[in-house]
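Asks: need coordinates for the below:
(chains A and B)
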Amino acid sequence: MKKKLKQEYEDSIAAFLFILVASIPMAIPLGIPIEVDPMTIVLHDLIEDIPDGGIVLYDLTILNWFTNFQSDIAIFKQILVRVRAGELYLVIMTETTGPIMGIDKAWDTLKLGELDYGTQWVYLGLIPGGEAAEAAVASDVHAAKTTDHYGTPLSELPLMDRFHSLEDLALVVTGMNTSPDPPCRQFGGKGVPLILQNGISTIPLMMPYVEAGIIQAYMTPGLQTAGYEKVQGDLGLATSFADAQSTTVAYALVLMLGTNLVYHWRKRKT
Amino acid sequence: MSILRRRELPMSLYIIVMVYLIFSNYTGIGTSLAGDIRGWGIAIATFAGLIGVINISYLHIMKLYQKREGWPYSIVMFTCFIVYFFAAYYYKPGYDWIISNLSIPLGAAFLSGFNTLGVIFRGSKARSIWSGLILFSVIVTALLMVSLGPLISPSILDIARWIKDYPTTGVFRAVTIGIGISILMLVVRAILGMEKSYLGEL
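Replies: Residues are numbered from 1 along each chain as shown, chains lettered A, B, ... in the order given. I've put the predicted structure just below:
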């Protein structure tokens, strides 16, 4: 009688093959052409069309370099081109603890240190409370937080003189990986364009808001971000992952078909 | 019974604050006080972190004290917590090292696909025509998400886009409307004093 392979061995083999398949593009770059999603063009043009002097609020809620943060970095890059040109101003905040870890590393990547802090950009740091924090910032940011992340009173930062509530903003970007409802409720549909950076699986959740004009544009990690990097002409993490994603998805599909074939074959035998 | 222990006091506070915030939001009257109330919400949320630390510490101390299954992991948890906490406040190079060499690579490994690999491997069996349809949707939608998709067949992508734009969005629209109605019902129940979950009652 044939011995059946133990479940943990099967899992280990599947995981080992996964690593192997993900590593293929490192040895042999596939160079599969990347298509640009129409929504990417909408997002790109939205940022380009913000009137000069506008303040952008970037609300970060998740930080993982290999998933959503690749999209955040790409959006930041486009905004920062205009900030460096003196056309836009940037205020960054977070209402969850995740981004606190390693956010300084993101500042290094984006070279925010080269900008004039307090005049061109401000980092408010953590404003806890999730949606309550978003509501507080939208109504009165100075009441929600009196100092920035580094302890400087907001009254001493010239940029914050121009930012009191949602009405003072030209654009809100929220980077997240969950339900889009809270930022849509607090920032959306109030005359200020809203961009959501969210997980791929949340596209169906965002679509009703897009159709209602509450979300003006969205960005998702992976292929859409790779297309966005192509539009910007500044290739980053998403582009470098594109080939690996293709090979791993192909592997997942083979795995799915294989497990189904084995399942039905065994079922027929019994 | 002491007035402080009776439930009428917290219920009154809850209802008055809620009605005031709704009134202020829709009329624009008393927005300054409404802003202060939201500020209190932020202050209270700050303490959630402290409660989290107390709870997780209590849980792991009890696990160590009673030598429950997996107790050595509690030692690992406390060691990581203490080292990370002190590095963050007193030793910046150590903190940077933890972020660059532990946190980011571990996060990448966890989210790179290993967490979904098990689901694909163990849970994606078409046991009926309906689960077969779901599996088909998963396959075509996955192809939409990667650059490999258009190479296999552009028509597969059209099917994937149709699934995304119509059935899936339609379902989620219903879910969103359902959530909205539920929130509204919760507010009405709370105003009428029927919602008591915030008091620890069902």
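Asks: which helix runs longest in chain B?
Replies: Across chain B, the helix with the greatest residue count (assigned by DSSP state H) is helix B:31-65.
Asks: now the element after it, going C-ward?
Replies: helix B:71-90 (DSSP states H and E).
Asks: list the buried ones in whichever helix or strand comes after that following helix?
Replies: Next along the chain after helix B:71-90, taking DSSP H and E as the criterion, comes helix B:92-98. Neighbour counts over helix B:92-98 (16 or more other CB atoms under 10 Å in any protein chain shown) mark B:95, B:98 as buried. C-beta coordinates here come from the backbone N, C-alpha and C atoms, glycine included.
Asks: elements contacting helix B:92-98?
Replies: Helices and strands touching helix B:92-98, as assessed by 3 or more CB pairs under 8 Å, 6 or more residues apart in numbering or on different chains; DSSP states H and E, comprise helix B:71-90.
Asks: per-residue confidence averaged over the helix it packs on?
Replies: For helix B:71-90, mean pLDDT is 91.
Asks: near chain A, anything from that helix?
Replies: No: counting by CB under 8 Å from any CB of the partner chain, chain A is not contacted by helix B:71-90; separation bottoms out at 8.9 Å.
Asks: helix B:31-65 and that helix, what's the angle between them?
Replies: Counting by axes from the mean of the first three to the mean of the last three CA atoms, to 10 degrees, helix B:71-90 lies at 140 degrees to helix B:31-65.
Asks: list the buried residues for helix B:71-90?
Replies: So helix B:71-90, judged by 16+ other CB under 10 Å, has buried residues B:74, B:77, B:84, B:87.
Asks: thought the second one was touching B:Leu59?
Replies: What that stands for is B:Met77. No: taking contacts as CB atoms under 8 Å, B:Met77 lies outside contact range of B:Leu59: 9.5 Å.
Asks: next, count neighbours for A:Glu87.
Replies: The tally of other residues near A:Glu87 (other CB atoms under 10 Å in any protein chain shown) stands at 15.
Asks: what about A:Leu57, which helix or strand?
Replies: With DSSP H and E as the criterion, A:Leu57 is inside strand A:54-60.
Asks: strand partners of that strand, parallel vs antiparallel please.
Replies: strand A:88-94 (parallel), strand A:171-175 (parallel) (DSSP bridges).
Asks: can you tell me which of those is most buried?
Replies: strand A:171-175 (a mean of 25; mean count of other CB atoms under 10 Å in any protein chain shown).
Asks: check which helices and strands the helix or strand following it is in contact with.
Replies: With elements assigned by DSSP H and E, the helix or strand that comes after strand A:171-175 is helix A:181-186. The elements that helix A:181-186 packs onto, with contact taken as 3+ CB pairs under 8 Å, 6+ apart, are helix A:131-144, strand A:194-197.
Asks: kindly reformat these as CSV containing mean neighbour count, mean pLDDT and distance to B:Val119.
Replies: Compiled in CSV, these are given as follows (neighbours: other CB atoms under 10 Å in any protein chain shown; pLDDT from 0 to 100; distance: least, CB to CB, whole Å):
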stretch, mean neighbour count, mean pLDDT, distance to B:Val119
helix A:131-144, 22, 90, 29
strand A:194-197, 27, 95, 24
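Asks: out of the ones you listed, nearest to chain B?
Replies: Nearest of the helices and strands packed on helix A:181-186 to chain B, taken as CB to the nearest CB: helix A:131-144 at 4.2 Å.
Asks: after the closest one, which helix or strand is next?
Replies: helix A:158-161.
Asks: and that following helix, which residues are buried?
Replies: Buried, per 16+ other CB under 10 Å, within helix A:158-161: A:159-160.
Asks: which residues touch it?
Replies: With CB atoms under 8 Å, 6 or more residues apart in numbering or on different chains as the test, helix A:158-161 has contacts from A:55, A:89, A:91, A:118-122, A:141-142, A:154-155.
Asks: and the longest helix of chain B, what does it pack onto?
Replies: Checking 3+ CB pairs under 8 Å, 6+ apart, helix B:31-65 ends up next to helix A:131-144, helix B:8-27, helix B:71-90.
Asks: anything in the shortest one near chain B?
Replies: In other words, helix A:131-144. Yes: Helix A:131-144 comes into contact with chain B (CB under 8 Å from any CB), by way of A:132-133, A:135-136, A:139-140, A:143-144.
Asks: stretch B:49-64: which residues count as buried?
Replies: Buried-residue list, stretch B:49-64, by 16+ other CB under 10 Å: B:60, B:63-64.
Asks: which of those residues lies closest to chain A?
Replies: Taking the buried residues of stretch B:49-64 together and measuring to chain A by CB to the nearest CB, the closest member is B:His60, at 19.2 Å.
Asks: dump the residue contacts of the residue nearest to the closest one when sequence neighbours are not counted.
Replies: Closest residue to B:His60 apart from its sequence neighbours, by CB to CB, 6 or more residues apart in numbering or on different chains: B:Ser74 at 4.0 Å. With contacts defined as CB under 8 Å, 6+ apart, B:Ser74 is in contact with B:60-61, B:63-64.
Asks: likewise A:Ser246?
Replies: Going by CB under 8 Å, 6+ apart, the list of residues near A:Ser246 reads A:25, A:30, A:32, B:146-148.
Asks: hang on, A:Gly53 packs against A:Ala85?
Replies: No: here A:Gly53 lies out of contact with A:Ala85, judged by CB under 8 Å, at a distance of 11.7 Å.
Asks: could you check the pLDDT of A:Gln120?
Replies: Value for A:Gln120, per-residue pLDDT: 96.
Asks: where does chain B dip in pLDDT?
Replies: Within chain B, the stretches with pLDDT under 70 are B:1-5, B:108-115, B:202.
Asks: how is it partitioned into domains?
Replies: Using automatic domain parsing, the domain parsing of chain B gives B:1-86, B:91-123, B:128-202.
Asks: leaving aside the residues next to it on the chain, what's closest to residue 84?
Replies: Unless you meant another one, I'm taking chain A. In space, A:Arg84 is closest to A:Leu115, 7.0 Å off (CB to CB, 6+ apart).
Asks: correction: the question concerned chain B.
Replies: B:Ile98 (6.1 Å).
Asks: separation between B:Tyr26 and A:Gly113?
Replies: Look at B:Tyr26 and A:Gly113: by CB to CB, to the nearest Å, they are 44 Å apart.
Asks: actually, A:Ser246.
Replies: For A:Ser246 relative to A:Gly113 (CB to CB), the value is 36 Å.
Asks: same question for A:Ile55.
Replies: For A:Ile55 relative to A:Gly113 (CB to CB), the value is 20 Å.
Asks: more crowded one of the two?
Replies: Neighbours of A:Ile55 and A:Gly113, each counted by other CB under 10 Å, are more numerous for A:Ile55; the result is 20 against 9.
Asks: ok, now which ones touch the residue nearest to B:Leu151 when sequence neighbours are not counted?
Replies: Distance criterion CB to CB, 6+ apart; nearest residue to B:Leu151, sequence neighbours excluded, is A:Ile32 at 6.3 Å. A:Ile32 is in contact with A:242-243, A:246, B:147-148, B:151, counting by CB under 8 Å, 6+ apart.
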